[in-house]
Structure formats: structure tokens, C-alpha cells
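*Asks:* Next come a sequence and a model predicted from it.
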Amino acid sequence: MRKNIVAGNWKMNTTVPEGVALAKEVSDCLAGFKANCDVVICVPFTHLVPVCGAIDQAVLGLGAENCADHKSGAYTGEVSAAMVASTGAKYVILGHSERRQYYGETSETLREKVALALENGLTPIFCIGEVLEERENGSYNEVVKKQIEDGLFNRSAEDFGKIILAYEPVWAIGTGKTATADQAEDMHAHIRKTIADKYGKEVADNTSILYGGSCKPSNAAELFAKPDVDGGLIGGASLKAADFMGIVKAF
Ligand code: PEP
């Protein structure tokens, strides 16, 4: 059966010493507390090695926020999936809306990234979600379906079973404006049906679908109580151990 997961996305925040201290604080909190979900932090590339050395991965998983769409070679400034895996990280966020929007990531590049992540044993946390205009003009269900079809439906059922999805309505990211629990549930159920239509009910029922977008300790419990919401991808509130733990404790 699918797992409940709370994953942090630190984005471009914290220096290495600050990040190591934050990661250690979260890891120490989790060591003294039996969480009812898996907990992961996704951190900048520079932080992966020192954070890996500072946390207990038995209680806190580690991931990157991106990886390259090529295996290796003349791609100055890029970081490959193999490099990420060699740090000890186990997860990688792919297709975050900020990468789609600011760095021109397309479904085509994302298919390459997903393939390389899986080849290197990383679990992709694959992000999908509509912009405000698409929410307002009512096309959001089709938009999200197409992102899943174009980015992921070239995979086998076995591969698909290794992927975590994160529904992040772009209008809710970093805005303080959270989707209502009912809006999140409607979309998550739609995503699960989209998966079931392609891979069957068993694969769909086993897929963890996280909600992301201004999730915080005060609204996490209501969101996570919905049957198709299997946890959260947390931006701003993952930068303070107490807030992040408040969300973990919502399960
Ligand atoms: C995110 O960027 O993945 C995110 C969910 O951000 P925030 O929680 O800050 O809205």
C-alpha cells in the first residue's frame, strides 16, 4: 500500500553550515519520535554530502532538487543523477514549477531526467500543477493530466511504481494561498484515476500523491485527512525544524 510522505524542498536557501544545522535538528527530532510517515528533505546540491553525513537516513531521507537530463559530459554547471546518487541521496525532485517556469523545463527534458534518476536508483518526486489562469478557466484537470501523460506515461508500470507524484498548484506555491482540502482531494482523485486508466487500479492505489503549496502546521492535518492526499511537499515551512515537524506530526 502507498506510503504517507512529508518531503521538504529547501529551494535556494541556507548556506552549507546553516543547512547542516537545520538537517541535524530535523534528524534529531525524528530520532526521538516515531513519525507516522516517511520524512525526506531535498536540499541544494552543495549540501548533499555534508547533510548526508549529519543525518540518520533511517529516520530522514535525503534528496536533491533537480538533476541533469544528460548522463555525463560537456554540460558545464550541471549535476548528473549518478553524481546525486553518489552522495548518498535517495530522492530527486523533478519538474518543479519553478524549474518549468524559470529554466524552461519541458516534458521532453523531464522524460530524460526521470529515466536517468531511475537508472541511478533515485526516487523521483515528480511535480505537476496548473497556473492560476488554468485554475480560473477550468482547464486544470486536463493540464495536470497532460503533464503526467507527457512526462511519465512512457515508463513501464514497474518504473511508474517507483515514482512519487506531487500536485502543486502553482498559484498556491509560496503565496500563502493554500488549495482547500476539497480542491486538493478532487485533483488527487483525478490524478489517481488518470494513473488507474493507464496502469491499472493496483499501481494507482500504490502511488503516493503529495500536495504542495503553502502547506503549514495549521492546515496540514485537514489536507492529509483526505483519502487521496498522501502527504506534502513543503517549501517555506521546511526551513524551520519546528514548522516542518509540526507538519510531520499532522499524520
Ligand atoms: C514548493 O515549492 O514545493 C512549495 C510547496 O512551496 P511552499 O510550501 O513554500 O508553498
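*Replies:* Received, thanks. Residues are numbered from 1 along each chain as shown.
*Asks:* Show me which residues of the stretch 51-200 of the chain sit near the ligand.
*Replies:* Neighbours of the ligand within the stretch 51-200 of the chain, by CB under 6 Å from any ligand atom: 168, 173-174. Quick note: C-beta positions are derived from backbone N, CA and C, even for glycine.
*Asks:* want to throw the residues you listed into a markdown table with pLDDT, secondary structure and distance to Lys216?
*Replies:* Output for these, formatted as a markdown table (pLDDT from 0 to 100; DSSP: H, G, I helix; E, B strand; the rest coil; distance: CB to CB, whole Å):
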| residue | pLDDT | secondary structure | distance to Lys216 |
| --- | --- | --- | --- |
| Glu168 | 98 | coil | 14 |
| Ile173 | 93 | coil | 13 |
| Gly174 | 88 | coil | 12 |
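*Asks:* Out of these, grab the one that's most surrounded.
*Replies:* Neighbour counts for these peak at Glu168, which has 27 neighbours (criterion: other CB atoms under 10 Å).
*Asks:* So that residue is in contact with Gly232, correct?
*Replies:* No: between Glu168 and Gly232 there is no contact under CB atoms under 8 Å: 9.7 Å.
*Asks:* overlap in contacts of the two?
*Replies:* 211-212 (CB atoms under 8 Å, 6 or more residues apart in numbering).
*Asks:* Check which helix or strand Ala115 maps to.
*Replies:* Secondary structure from DSSP states H and E places Ala115 in helix 107-119.
*Asks:* Excluding its own residues, what touches stretch 144-155? List them.
*Replies:* 95, 107, 110-111, 114, 118, 126, 128-130, 160, 163, 165, 167, 187, 190-191, 194-195, 198.
*Asks:* Could you confirm Lys146 falls within a helix?
*Replies:* Yes: under DSSP: H, G, I helix; E, B strand; the rest coil, Lys146 falls within a helix.
*Asks:* thinking again about what came up before, list buried residues within the contacts of stretch 144-155.
*Replies:* 95, 107, 110-111, 114, 118, 126, 128-130, 160, 163, 165, 167, 187, 190-191, 194-195, 198 (16 or more other CB atoms under 10 Å).
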